[in-house]
Each structure stands twice: as C-alpha cells, then as structure tokens.
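*Asks:* Here's a sequence, model it:
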Amino acid sequence: MIAKVAIELRAKPVDRLYDYLIPEELQVQVGDCVEVPFGTRVVTGYILALESEKQAAQRELRPLLRLMTDQTPSLEPEMIEMMRFLKDRYLCTWGAALQTILPPVTRVKTSARYVLGEFATEAELGVALVAYLKRYKGATKKTLVDQFAINKRQLDTWLQQNVLRLDVSHRSRLGKRRVIAEGKQGEQAFELEVPLALSLAQEIAYREVCKALDQQVSQTFVLHGVTGSGKTEVYLQAIEYALRAGKTAMMLVPEIALTTQMMARFQRRFGARVAVLHSRLTDREKYEEWYRILRQEADVVVGARSAIFAPLRKIGLIVIDEEHEQTYKQETEPRYVVREVAEWRAKYHQAVVILGSATPSLETMYRVERGRYTLLSLPQRIGERALADVQIVDMREEFRKGHHSLFSQALTHALQEVLAKGEQAILFLNRRGYTTILLCRDCGEAATCPDCDISLTLHKVGGSSLLRCHFCGHTEPLREVCASCGSERIRQFGAGTQKIEQALFEQFPGIRVIRMDVDTTGKKGAHEQMLGEFERNEADVLLGTQMIAKGLDFARVTLVGVVAADISLHLPDFRSAERTFQLLVQVGGRAGRHEMPGRMIVQTFSPEHYAICAAKKQDYDQFYQTEMAVRKAMQYPPYTEITQFLIAHASEQVAYNIAYLLYEELQNELFGRNEVRILAAVPASIPRLRGVYRYQVMVLYTSFARVKEAITRVYRKMLAKAKSGVVITVDVNAQMLF
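*Replies:* Numbering: from 1, shown residues only. Here you go, the predicted structure:
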C-alpha cells in the first residue's frame with residue numbers, strides 16, 4: 001500500500017502530497033501522523049489517503065519511518081475535509097492548512113507541576129488561581145510565577161501546608177507529565193445561573209433558531225439587534241437548547257478583551273462544559289483546551305477567530321458575535337474568513353449559524369436581501385431602555401472659537417458631570433502612542449521609519465521618549481533636530497491614547513484612568529485585570545482603542561466620548577465609511593445599558609458625512625441604502641468579490657516588473673469576461689514595509705467559482721517564474737486593502 005502524505009512545511013515549492021511505501025510492520029490509516037524521509041531530513045506529515053501500489057506511479061518510493069499517533073493526534077475525517085476546503089478556497093499550502101487546524105504541539109521538557117492539595121481553599125489561594133489549577137489540571141512553577149506573581153518561598157509554604165501538591169506521576173498523550181487536580185471531576189467554584197426571561201422579540205428569534213435546530217438542516221440567521229438588545233441571552237438559550245439535543249456549540253468573539261467577559265458569562269451558565277481558545281493562551285494552555293474538546297470533556301467553545309477550528313463533534317450551533325468585525329479575517333496564510341469556515345462546518349454537520357451584530361456588514365445584509373440568510377430582529381434594548389443620546393461636535397467650529405483643547409467644550413462639561421455624579425465614562429480613540437507625526441516646520445520633512453514608508457509615532461516609555469514604527473517595531477530616540485535640514489523647529493502633530501491620558505490628568509485633577517491599547521495589554525492577563533478594575537469602579541474613565549469599542553457591558557457607564565471620529569473615515573479603503581459607522585454605533589452602545597441613561601459625544605471635522613449623520617441617529621437602514629448605492633456604482637463588494645495579489649521584493653523595479661507581468665497573465669487568462677475587472681499593478685497602500693517594496697494587483701469578479709481555475713493557474717505560473725527573493729501572496733475575498 002501507498003500512503004499519500006501532506007508534510008508540515010508551509011513552503012510553496014514543496015506544496016503537494018507525497019507518496020510513501022507503507023512497511024508491513026506498520027498498521028496505519030487515513031489521518032495518522034507519521035515521520036517520513038524528506039530530502040536529507042526527517043519531517044512530520046499526515047496521511048490523507050491510501051491507495052494500492054499498482055495505482056501509484058511506477059517509481060522507487062521511500063518508506064514511512066514511524067507512526068506518531070502515540071504522541072500527536074490523528075486527523076479526523078472532518079479535519080481532512082476542512083483542510084481541502086481551506087486549500088481550495090484560499091489557495092494555501094497543505095502545510096499551512098495543517099498548522100491552522102491542529103493545536104500547537106508543546107515541545108517542552110518534562111517538569112513537575114503544582115496541583116491543588118487536600119486543604120486548598122479559595123480563601124487561601126484566591127479564586128483565579130483555584131479556577132486556573134482546576135481548568136488546566138495544574139501548572140508549572142514558571143506559569144505560576146509569570147501569571148500569578150507567586151514566589152518560590154510561597155510555593156514551598158503551600159507545599160508544606162498541603163495546600164498545593166507537587167505531582168509528576170501522570171503522563172499525557174504527548175509523553176509529557178500531566179497532573180490531575182484532586183477533588184470531584186467537574187467540581188465548580190461558582191453557582192450556575194438560570195436563564196433570564198426573554199422579551200417578545202428575543203422569544204421569536206430564539207424559537208426560529210430552535211426550529212432550525214430541530215430540522216437539522218444547515219441554515220444561517222442574521223440576528224440584527226441594537227446594542228443592549230439582549231443578543232447574548234438569545235445565544236445562551238439557543239446553545240442550551242442545542243446541548244439538550246445532544247449537540248455541541250461554539251461562540252466566537254472578535255476581540256480577546258471580549259473573551260474574558262463572555263467566558264465568565266458562559267461559565268456561569270454552563271460550568272465546566274466550557275473551553276476557551278484564543279491567541280493569548282500559552283501553547284500548553286491551547287493544547288490542554290484543545291484536548292479537552294477532543295476528549296469531549298467540553299462541549300461549548302468560546303474563543304476568538306482561531307476557535308472556529310475547535311475539534312468539536314456533532315456541532316449544532318455556531319455563533320459569530322459582532323460578525324461585521326474585520327478581525328474575523330485571517331491576515332496570514334491561510335487567509336480565511338471565519339464566516340465562510342463556519343458555514344462550511346455547519347453544512348458538514350447540518351448545523352445552524354447565527355451572525356449577530358448591531359451593524360451587520362453590507363455583505364451579510366446583501367445575502368439577507370437575496371434570500372441566502374434569514375433575518376431576525378431585536379429592534380429595542382432590554383426593558384425598552386433608550387439608546388444613548390448622540391451629540392456631534394464640529395471641531396472646525398471649536399477651533400474657530402479659539403478652543404484648541406483635545407476635548408471640546410461639550411465633552412469637557414460632560415466629563416465634569418460624570419465625575420461629579422460618581423459615574424463612569426469611556427473615551428475612544430483608535431490610535432495608540434503619544435503623537436503620530438514629528439514634522440520639521442522649516443523643510444516639511446516628517447520622521448519616518450528607515451525600513452517602512454510610514455511615519456514614526458512618539459511613545460512615552462518611563463521617563464524617556466521614543467519614536468516607534470507600528471508596523472515593523474523599529475525604535476529610535478526622539479529627535480531634537482531635523483535629520484534632513486538640521487533645523488530645531490520640530491513640531492509634534494496628532495494625538496494618541498497616551499496624550500489623551502496625560503490631558504485627562506492635567507485637565508481633571510484626581511481623575512482615575514485605565515488606558516487599554518496594545519502598549520498596555522501586552523502582559524498576560526492584562527485585559528482581565530483592567531476590565532475587572534473598571535467594573536469594580538476603581539476608575540472613572542476607560543480610555544482605549546477599538547478593543548474597548550464593542551461587546552463590553554458596564555452598569556455605571558453613562559458617557560462615551562469619541563475623541564476623533566475621522567481617523568477611520570479617511571483611510572484609502574472603500575470600506576472606510578462602513579467601518580466608521582460601525583465603530584461609532586458600537587462604541588455608543590456601551591453607554592446607558594442599565595438603569596442610568598447614556599449619551600455619546602462625537603468629535604469630528606466631517607459632521608456632514610453620511611456615515612457620521614447615520615451614526616448620530618443610529619440608523620442602520622439609512623446608512624445601508626446610501627453606502628450600497630456607492631458600492632453598486634463602483635461595483636465593489638458585496639456586488640463583487642476581490643482577490644488581491646501582493647508582490648514584494650527588496651528592489652522596487654523587480655517588484656513592479658513581476659507585478660506587471662502578473663497583471664498581463666491575468667489579462668490573458670480572463671480576457672473577454674464582462675463580469676471580471678482587473679486593476680493594474682500599483683504600489684500597495686504601504687509601498688515599502690520592513691525594507692521590501694510592495695506592489696498589488698486586484699481582480700474583481702461576481703463569482704469566484706468562475707475565475708478560480710484561471711487565478712490558480714496564474715498564481716502557480718508566477719510562483720514558478722518569480723526570481724529569488726520575490727514573495728507573491730494571494731488573498732481571496734480580501735477584506736483589508738489598507
């Protein structure tokens with residue numbers, strides 16, 4: 001017999017299935033992990049098919065070396081089919097598909113782990129530590145030190161008191177030591193909550209989903225509910241219904257910050273049946289959670305984008321919350337769209353998909369119009385609470401009146417009222433750092449990254465000032481003279497979250513601020529800590545980037561301030577108006593979600609723009625009709641789909657030559673097709689990144705199925721022609737063109 005093996009290498013030149021002889025002493029089956037000789041190396045691969053020796057090409061084949069199923073998981077049939085889907089839809093390599101579907105295999109040395117001892121109590125260890133040790137069946141010393149700031153002396157004390165126990169007795173499937181926490185399996189550190197009463201609109205939506213679950217036919221619903229309308233409760237009760245029917249379910253959220261709140265709510269409802277998967281987990285934690293799901297110890301998965309590949313069986317329901325978010329698009333190979341993978345899995349399992357949002361993407365609502373999706377509406381907030389009152393502040397007028405503060409008069413007065421009443425506010429600015437441009441007033445030269453065509457951002461780090469590139473990470477000291485002309489007349493322009501934080505401290509003495517952005521949330525557990533502090537009213541203002549703009553629910557927030565609404569509005573991307581509208585509506589929905597009424601103040605230099613006007617009224621239908629007319633005139637998505645080719649090389653001329661050649665090949669392949677548009681080779685939105693020049697070619701079409709073979713042929717042909725150092729990537733159904 002011959003095994004057709006996909007190897008775990010992402011390199012495009014070796015992207016195919018390889019034939020190996022199966023030695024008589026090896027009993028293998030499709031899905032098994034094996035070691036194989038590959039050139040002069042030994043690599044890991046997976047058997048995707050078996051065939052008789054007569055079917056194989058008449059050539060000398062090398063044998064499989066070793067079966068690895070005692071150390072790594074075998075691929076289940078759905079995983080193999082899912083790999084084929086990823087490769088076929090997104091034109092990725094077998095290796096990329098493998099590494100996406102499987103968990104990271106932790107190759108760490110065997111070490112003792114600390115587990116709960118006989119006398120462990122929450123009072124002695126703390127709720128978070130108890131919950132962690134129960135969930136992950138223990139932890140190494142390094143994990144306890146890093147995550148919980150526990151020193152060795154404290155560990156020794158707890159060992160002596162038998163509060164903790166050191167265990168090295170059990171080995172996992174990977175041959176690594178794994179421990180089992182003492183106590184009853186499934187023991188809870190919290191009391192499960194009961195479902196809430198549903199409003200009439202929630203009940204209607206819930207019953208429609210249940211009916212589809214009963215029919216066991218793949219169906220996609222769009223749950224369009226205003227912010228605070230109770231979408232999450234519909235998700236929870238629909239998941240509970242699926243579980244009672246013997247099915248499993250998953251709940252996806254767009255931001256890691258949301259995983260914390262959602263995980264807590266799901267654990268209160270479903271207890272130890274819940275597993276969590278997201279990128280902030282360590283490889284060990286991801287591995288443990290992945291195997292909990294595979295062993296069917298958890299039948300509900302909560303997580304961010306990659307959780308869509310969780311190895312659940314008998315899936316009944318997949319929920320994608322805030323489905324419009326661009327974070328649901330993977331920006332490295334394979335460049336998958338979560339919604340498309342969810343629909344594929346739903347079809348495989350005859351399951352139901354719910355796409356939830358207060359501001360559904362235009363592509364999603366277009367599918368509702370065409371009858372592909374079923375619309376469910378929650379038009380009012382729970383308890384018929386009013387949406388936040390929205391005030392638009394024209395910053396041009398503020399400047400004409402001589403008000404040059406970062407905060408308009410209206411926002412300043414509103415913040416003063418919040419502080420006086422002991423309430424809380426959220427300030428949103430989708431730009432981190434201190435200032436965004438360092439400009440010479442004599443020659444006009446801006447401080448730019450030496451490796452990227454992008455301005456450097458000023459950051460305050462401790463007592464020093466650094467210029468940092470947000471794309472490649474390059475840093476350098478703050479310049480006191482212009483590098484171009486030597487002038488000392490250098491001025492800082494633009495404001496980031498750091499500068500807003502400083503302005504708050506200066507303008508409102510004694511104010512308590514929590515700043516959430518990439519710079520402050522890098523440490524493990526930072527999201528949970530900050531949101532917990534804000535929920536406990538240990539801060540007056542939560543200031544941050546888009547990670548705070550959606551999904552969060554705080555009872556005392558009565559004010560949302562948008563410091564600069566124009567940042568996303570004027571990006572060179574046809575989706576900029578849509579994303580601005582979505583951000584404003586979503587962040588406005590954080591105010592007045594409970595008993596106290598809410599308001600939002602939006603500062604902008606473009607108050608007349610239709611996205612701003614629609615956001616003021618929180619009128620999705622008005623924005624949808626206006627924006628769809630623009631898209632139709634330009635034949636942009638959702639009327640078409642875009643595949644983007646990106647060509648990169650250290651030489652600009654080489655990059656352009658390859659891009660132009662690719663454009664010509666596409667013209668030859670797709671000549672005469674009226675439903676296809678090919679945009680000529682032009683510099684990418686960031687023309688130079690990390691020292692390489694980038695050109696792009698885009699193809700717009702009405703049906704990928706009709707152009708897939710041609711696009712694939714051109715892609716493979718160009719990969720074969722490309723000179724050394726040329727990188728060509730393809731992004732099918734591209735979402736981020738900037």
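
*Asks:* I'd like to know which elements whichever strand or helix holds Gln653 is packed against.
*Replies:* Per DSSP states H and E: Gln653 is located in helix 652-670. Secondary-structure packing of helix 652-670 (3 or more Cβ pairs under 8 Å, 6 or more residues apart in numbering; DSSP states H and E): strand 641-649, strand 676-689, strand 692-701, helix 704-721. C-beta: built from backbone N, CA, C; applies to glycine.

*Asks:* Can I get the first one in PDB? Just the C-alpha atoms.
*Replies:* To tie it back to what came earlier, the one meant is strand 641-649. C-alpha atoms of strand 641-649 as PDB (Å, rounded to 0.1, in the frame of the first residue of the first chain):
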ATOM      1  CA  GLU A 641     -15.600  39.900  -4.500                       C
ATOM      2  CA  ILE A 642     -11.900  40.900  -4.500                       C
ATOM      3  CA  THR A 643      -8.800  38.700  -4.800                       C
ATOM      4  CA  GLN A 644      -5.600  40.700  -4.100                       C
ATOM      5  CA  PHE A 645      -2.100  39.700  -5.200                       C
ATOM      6  CA  LEU A 646       0.800  41.300  -3.300                       C
ATOM      7  CA  ILE A 647       4.300  41.200  -4.800                       C
ATOM      8  CA  ALA A 648       7.200  42.100  -2.600                       C
ATOM      9  CA  HIS A 649      11.000  42.400  -3.300                       C
END
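
*Asks:* re earlier: save the helices and strands packed on helix 652-670 as TSV, and put in mean neighbour count, mean pLDDT and distance to Arg284 too.
*Replies:* Converted to TSV, these look like this (neighbours: other Cβ atoms under 10 Å; pLDDT from 0 to 100; distance: least, Cβ to Cβ, whole Å):
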stretch	mean neighbour count	mean pLDDT	distance to Arg284
strand 641-649	22	96	34
strand 676-689	17	94	33
strand 692-701	22	96	35
helix 704-721	16	95	36
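
*Asks:* now the ones you listed as CSV including distance to Asn151?
*Replies:* Below are the helices and strands packed on helix 652-670 laid out as CSV (distance: least, Cβ to Cβ, whole Å):
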stretch, distance to Asn151
strand 641-649, 47
strand 676-689, 43
strand 692-701, 46
helix 704-721, 53
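
*Asks:* quick one: which of the ones you listed is nearest Arg491?
*Replies:* In terms of Cβ to Cβ, the element of the helices and strands packed on helix 652-670 nearest to Arg491 is strand 676-689, at 24.2 Å.

*Asks:* Just checking: what are the partner strands of that closest one?
*Replies:* Strand pairing for strand 676-689, determined by DSSP bridges: strand 692-701 (antiparallel).

*Asks:* Kindly calculate the angle that the partner strand makes with helix 652-670.
*Replies:* 10 degrees (axes from the mean of the first three to the mean of the last three Cα atoms, to 10 degrees).

*Asks:* Can I get strand 692-701 in PDB? Just the C-alpha atoms.
*Replies:* Once non-C-alpha atoms are left out, strand 692-701 reads as follows in PDB (Å, rounded to 0.1, in the frame of the first residue of the first chain):
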ATOM      1  CA  VAL A 692      10.900  45.500   0.900                       C
ATOM      2  CA  TYR A 693       8.900  47.200  -1.800                       C
ATOM      3  CA  ARG A 694       5.300  46.100  -2.400                       C
ATOM      4  CA  TYR A 695       3.000  46.200  -5.400                       C
ATOM      5  CA  GLN A 696      -0.500  44.900  -5.700                       C
ATOM      6  CA  VAL A 697      -2.800  43.700  -8.500                       C
ATOM      7  CA  MET A 698      -6.500  43.200  -7.800                       C
ATOM      8  CA  VAL A 699      -9.200  41.100  -9.500                       C
ATOM      9  CA  LEU A 700     -12.900  41.900  -9.000                       C
ATOM     10  CA  TYR A 701     -15.400  39.300 -10.100                       C
END
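
*Asks:* ok now that strand, how far from the chain's centre?
*Replies:* On the basis of Cα atoms, centre = their mean, to the nearest Å, strand 692-701 sits 24 Å off its chain's mean C-alpha point.

*Asks:* so Glu398 touches Gln409, yeah?
*Replies:* Yes. Here Glu398 lies in contact with Gln409, judged by Cβ atoms under 8 Å, at a distance of 7.1 Å.

*Asks:* which of these two has more neighbours?
*Replies:* For Glu398 versus Gln409, the count of surrounding residues by other Cβ atoms under 10 Å is larger for Glu398: 19 against 12.

*Asks:* can you tell me which residues contact the closest residue to the more buried one other than its chain neighbours?
*Replies:* Distance criterion Cβ to Cβ, 6 or more residues apart in numbering; nearest residue to Glu398, sequence neighbours excluded, is Ser408 at 5.2 Å. By Cβ atoms under 8 Å, 6 or more residues apart in numbering, Ser408 lies in contact with 393, 395, 398, 601, 603.

*Asks:* Save these as JSON lines, and put in distance to Tyr348 and secondary structure too.
*Replies:* Output for the contacts of Ser408, formatted as JSON lines (distance: Cβ to Cβ, whole Å; DSSP: H, G, I helix; E, B strand; the rest coil):
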{"residue": "Val393", "distance to Tyr348": "50", "secondary structure": "strand"}
{"residue": "Met395", "distance to Tyr348": "51", "secondary structure": "helix"}
{"residue": "Glu398", "distance to Tyr348": "55", "secondary structure": "helix"}
{"residue": "Ile601", "distance to Tyr348": "47", "secondary structure": "strand"}
{"residue": "Gln603", "distance to Tyr348": "47", "secondary structure": "strand"}
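
*Asks:* Out of these, give me the one that has the most neighbours.
*Replies:* The residue in these with the most neighbours, by other Cβ under 10 Å, is Ile601 (26 neighbours).

*Asks:* Is that one bridged to anything, and to what?
*Replies:* Gln391, Gly561.

*Asks:* same thing with Val353?
*Replies:* In this entry, Val353 is beta-bridged to Thr220, Ile318, by DSSP bridges.

*Asks:* Could you pull up the contacting residues of it?
*Replies:* 218-221, 317-320, 339, 342-343, 346.

*Asks:* at 7 Å what do you get?
*Replies:* 220, 318, 342-343, 346 (Cβ atoms under 7 Å, 6 or more residues apart in numbering).

*Asks:* what's the pLDDT at it?
*Replies:* What the model reports as pLDDT for Val353 is 98.

*Asks:* With Gln188 instead?
*Replies:* For Gln188, the pLDDT comes out at 40.

*Asks:* Skipping adjacent residues, who's closest to the residue most central in space within the chain in space?
*Replies:* In the chain, the residue lying closest to the centroid (Cα atoms, centre = their mean) is Thr327, at 4.0 Å. Here the nearest residue to Thr327 in space, its sequence neighbours aside, is Pro254; by Cβ to Cβ, 6+ apart that works out to 4.5 Å.

*Asks:* coming back round to it: OK, contacts around the residue nearest to the centre of the chain?
*Replies:* Taking Cβ under 7 Å, 6+ apart, we find Thr327 in contact with 254-255, 305.

*Asks:* So what would you say the end-to-end distance of stretch 217-233 is?
*Replies:* 23 Å (Cα to Cα, to the nearest Å).

*Asks:* Pull out the buried positions in the helix or strand where Ala205 lies.
*Replies:* Using DSSP H and E, Ala205 falls within helix 200-215. By 16 or more other Cβ atoms under 10 Å, the buried positions in helix 200-215 come out as 201-202, 205-206, 208-210, 212-213.

*Asks:* Looking at the residues you listed, which one is closest to Leu75?
*Replies:* Using Cβ to Cβ, Leu213 is the member of these that lies nearest Leu75, at 27.7 Å.

*Asks:* Could you verify my assumption that that closest one touches Gln350?
*Replies:* No. Contact criterion Cβ atoms under 7 Å: Leu213 and Gln350 do not qualify, at 9.9 Å.
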